[in-house]
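J.: Next come a sequence and a model predicted from it.
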Amino acid sequence: MILNIVLYSLIGVLVLVIVICLAIANYAGSNLVTVFEKYEKYNADFFDTMTLAKNISYGEFMGKVQVGTVQGFLSDYYYRGTIHLSPRIASASNISAFSVCAHELGHAMQYRDEPQKMKKFGKKVMLSNTISKFTLPLFVIGIICIFFNIIVAISVLSLSVIMFLIGLMTKLSTIKIEKEASENGIKLLQKYANFDENQVKYARKVLNAAKLTYIASFLKSMLKWTMLVNKYDFY
């Protein structure tokens, strides 16, 4: 009787955790769009995002950070000395666009100030992306092996779990890296776009909404085994 109560309680807690995680994960993407569109209406009192990015490039990076464009919505990113801005960001002059741009330039600052740390992080992401492709297949193989060889099954299942945990740890590291980039971005906005206290507050709301999508990505990775989540890419 007691064992049944404990078992059902654990199942109930697990279901509750899954529901909460799914709710956060599904909310994050739509919330980012809502917040972005809200503060997109606030002018930033500057020329446009491309001009701001170029000014920061010359002021902070001696012109070494290039500015390019990329198609899509909130598809902006920094990679190997170039920030790529989506059309809705590049030609705009508002709080949301500047916040996204500054965030990507915040990544450039990370690579400038802590190259070894970022190089190590990049390798970790590559490793995680590679092994994540084999996690589920190995788990299925491990389950099948239970009917043939329990030792092999345990070994394969253990390897699958280890890969899964490595992926989760990488996701946690990503959240920290993105948070640092956003903090760098806020400093850049204060220095180069002359953001006042209210503008900084609004920019933080945009960046916090973006950070929630990375937390959601972690939760989705954690719940990947449930088959109840879909992958999405935001920010």
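T.: The structure has been received and is ready for your questions.
J.: Next secondary structure element downstream of the helix or strand of the chain with the lowest mean pLDDT?
T.: When the helices and strands of the chain are scored by mean pLDDT, DSSP states H and E, helix 2-39 comes last with a mean of 72. The C-terminal neighbour of helix 2-39 among helices and strands, as given by DSSP states H and E, is helix 49-61.
J.: Quick one: residues in contact with that next one.
T.: Outside helix 49-61, the residues that touch it by Cβ atoms under 8 Å, 6 or more residues apart in numbering are 46, 63-67, 83, 85, 89-93, 97-98, 101-102, 105, 108-109, 112, 188, 191-193. (C-beta placed from N, C-alpha, C; glycine too.)
J.: Grab the nearest non-local neighbour of V152.
T.: Distances taken as Cβ to Cβ, 6 or more residues apart in numbering put C145 closest to V152, at 4.8 Å, once the chain neighbours are dropped.
J.: those helices in this structure, which residues are they?
T.: 2-39, 49-61, 87-90, 95-113, 115-145, 150-192, 197-222 (DSSP state H).
J.: Could you single out the most deeply buried of those?
T.: Highest mean neighbour count of those: helix 95-113, a mean of 24 (counted as mean count of other Cβ atoms under 10 Å).
J.: same for that one, what does it pack against?
T.: helix 2-39, helix 49-61, strand 77-79, strand 82-85, helix 87-90, helix 115-145, helix 150-192, helix 197-222 (3 or more Cβ pairs under 8 Å, 6 or more residues apart in numbering; DSSP states H and E).
J.: Using CSV, lay out these together with distance to Q71.
T.: Shown next, in CSV, are those (distance: least, Cβ to Cβ, whole Å):
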stretch, distance to Q71
helix 2-39, 17
helix 49-61, 16
strand 77-79, 12
strand 82-85, 10
helix 87-90, 7
helix 115-145, 22
helix 150-192, 22
helix 197-222, 19
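J.: Show me the least confident stretch of these, going by mean pLDDT.
T.: Mean pLDDT is lowest for helix 2-39 out of the helices and strands packed on helix 95-113, coming in at a mean of 72.
J.: Other residues contacting stretch 140-149?
T.: Under Cβ under 8 Å, 6+ apart, the answer for stretch 140-149 is V152, A153, I154, S155, V156, L157, L159, S160.
J.: Could you tell me which residues make contact with the second one?
T.: Shown here is A153, whose contacts under the criterion Cβ under 8 Å, 6+ apart are G142, I143, I144, C145, I146.
J.: repeat that with 10 Å
T.: Counting by Cβ atoms under 10 Å, 6 or more residues apart in numbering, A153 touches I141, G142, I143, I144, C145, I146, F147.
J.: thinking again about what came up before, of the helices of the chain, which approaches Y77 most closely?
T.: Across the helices of the chain, Y77 has its closest neighbour in helix 95-113 (6.4 Å, Cβ to Cβ).
J.: What is the end-to-end distance of stretch 145-154?
T.: Its first and final residues considered, stretch 145-154 spans 9 Å by Cα to Cα, to the nearest Å.
J.: What is the distance between stretch 179-195 and the centre of its chain?
T.: Computed by Cα atoms, centre = their mean, to the nearest Å, the chain-centroid distance of stretch 179-195 equals 18 Å.
J.: Keeping just the C-alphas, turn it into PDB.
T.: C-alpha atoms of stretch 179-195 as PDB (Å, rounded to 0.1, in the frame of the first residue of the first chain):
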ATOM      1  CA  LYS A 179      23.700  36.000 -20.600                       C
ATOM      2  CA  GLU A 180      27.300  37.300 -20.700                       C
ATOM      3  CA  ALA A 181      26.800  38.500 -24.300                       C
ATOM      4  CA  SER A 182      23.600  40.300 -23.300                       C
ATOM      5  CA  GLU A 183      25.400  42.100 -20.500                       C
ATOM      6  CA  ASN A 184      28.100  43.100 -22.900                       C
ATOM      7  CA  GLY A 185      25.400  44.300 -25.300                       C
ATOM      8  CA  ILE A 186      23.800  46.600 -22.600                       C
ATOM      9  CA  LYS A 187      27.200  48.200 -22.000                       C
ATOM     10  CA  LEU A 188      27.600  48.800 -25.800                       C
ATOM     11  CA  LEU A 189      24.200  50.400 -26.000                       C
ATOM     12  CA  GLN A 190      25.000  52.800 -23.100                       C
ATOM     13  CA  LYS A 191      28.300  53.700 -24.700                       C
ATOM     14  CA  TYR A 192      27.500  54.000 -28.400                       C
ATOM     15  CA  ALA A 193      23.700  54.500 -28.600                       C
ATOM     16  CA  ASN A 194      23.500  56.700 -25.500                       C
ATOM     17  CA  PHE A 195      20.700  54.700 -24.100                       C
END
